[in-house]
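Asks: Below is the structure, and that's it, no one-letter string:
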Ligand SMILES: Cc1cc2nc3c(=O)[nH]c(=O)nc-3n(C[C@H](O)[C@H](O)[C@H](O)COP(=O)(O)O)c2cc1C
């Protein structure tokens, strides 16, 4: 394993927003979960728990989530960002516009952008969804550990040709998710990861995001 191998994997992964219906074999999902569970966590607490849906359970969840998103009020367990300012606002806009441009949504067309956003709640047609939670008592550090889990999950999946998208949008409906999956109230639902095989020809998968160079985020001392 070289840095170049790792960089190849990192460059190949992207957030997939259109999936084919074919299921991922159970043994591949298990391998992805084993790899994701290798990440470090404070005190090695390994705070992640995932509910993974397949087949008709994904369909049932997709339908219920879409209905909830149409009628329910957002109430995420973890407070969503209060604002994005400066470069964070710029980057957020840039990746939003790249998506809209790829799928043919004109700037300012709120109805069309809402239609694209709502695809979050049909899991972009993915055949599988993992709902990730962390113990509330571990607070932001449990969530931080789970961030590593998300990254390793997406990279392990990529290495097996499985496309992924982490989705905070799904976590908007915290009370519904707790009820639906019987997730105890002492756990915080952080996000979903929808996954499956990419519909590579779909326009929503036809753009890639950039990254700032270390010059933009490192303060060297010494
Ligand atoms: C924790 C987390 C939550 C995210 N939530 C969403 C989401 O709800 N909907 C969505 O379309 N993308 C979501 N994304 C994907 C990001 O928009 C994406 O990672 C970012 O634009 C960089 O693009 P890339 O993943 O293709 O490299 C999320 C990513 C992360 C890490």
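Replies: The structure has been received and is ready for your questions. Keep in mind the model is a prediction, meaning the values are calculated, not measured.
Asks: ok, residue 16 - contacts?
Replies: Each residue near residue 16 by C-beta atoms under 8 Å, 6 or more residues apart in numbering is listed here: 124, 126, 163, 164, 165, 194, 195, 196, 198, 205. (Each C-beta comes from the backbone N, C-alpha and C, glycine too.)
Asks: Quickly name whichever of those is closest to residue 80.
Replies: Proximity to residue 80 was ranked across the contacts of residue 16 by C-beta to C-beta; first place goes to residue 165, at 17.3 Å.
Asks: The nearest residue to the closest one once chain neighbours are set aside and the ligand: what is the separation?
Replies: Nearest residue to residue 165, sequence neighbours excluded (C-beta to C-beta, 6 or more residues apart in numbering): residue 15, at 4.3 Å. Distance, residue 15 to the ligand, by C-beta to the nearest ligand atom, to the nearest Å: 3 Å.
Asks: Quick check, residue 15 in contact with residue 164.
Replies: Yes: taking contacts as C-beta atoms under 8 Å, residue 15 lies within contact range of residue 164: 7.4 Å.
Asks: Between the two, tell me which one has more neighbours.
Replies: residue 164 (26 against 18; other C-beta atoms under 10 Å).
Asks: What score does residue 72 have for pLDDT?
Replies: On pLDDT, residue 72 comes in at 85.
Asks: can you list the residues of this structure near the ligand?
Replies: By C-beta under 6 Å from any ligand atom, the part of the chain that sits against the ligand consists of 14-15, 17, 95, 120, 150, 165-169, 191, 209.
Asks: Phi, psi for the residue nearest to residue 165 please.
Replies: phi -80, psi 120 (degrees, to the nearest 10).
Asks: ok, it - contacts?
Replies: Contact analysis of residue 15 by C-beta under 8 Å, 6+ apart lists 164, 165, 166.
Asks: contacts for the helix or strand hosting residue 51?
Replies: Using DSSP states H and E, residue 51 maps to strand 49-53. Around strand 49-53, the neighbours that count as contacts under C-beta under 8 Å, 6+ apart are 29, 33, 61, 128-134, 181, 183, 187, 193.
Asks: what helices or strands is the lengthiest strand in the chain leaning on?
Replies: Using DSSP state E, we find that the single longest strand of the chain is strand 187-196. If contacts are counted by 3 or more C-beta pairs under 8 Å, 6 or more residues apart in numbering; DSSP states H and E, strand 187-196 sits against strand 128-135, helix 139-159, strand 163-167, helix 174-181.
Asks: Swap in 10 Å and give it another go.
Replies: If you count contacts as 3 or more C-beta pairs under 10 Å, 6 or more residues apart in numbering; DSSP states H and E, strand 187-196 packs onto helix 26-36, strand 49-53, helix 55-71, strand 128-135, helix 139-159, strand 163-167, helix 174-181.
Asks: Out of the ones you listed, flag the one nearest residue 215.
Replies: So among the helices and strands packed on strand 187-196, helix 139-159 is nearest, using C-beta to C-beta, at 22.6 Å.
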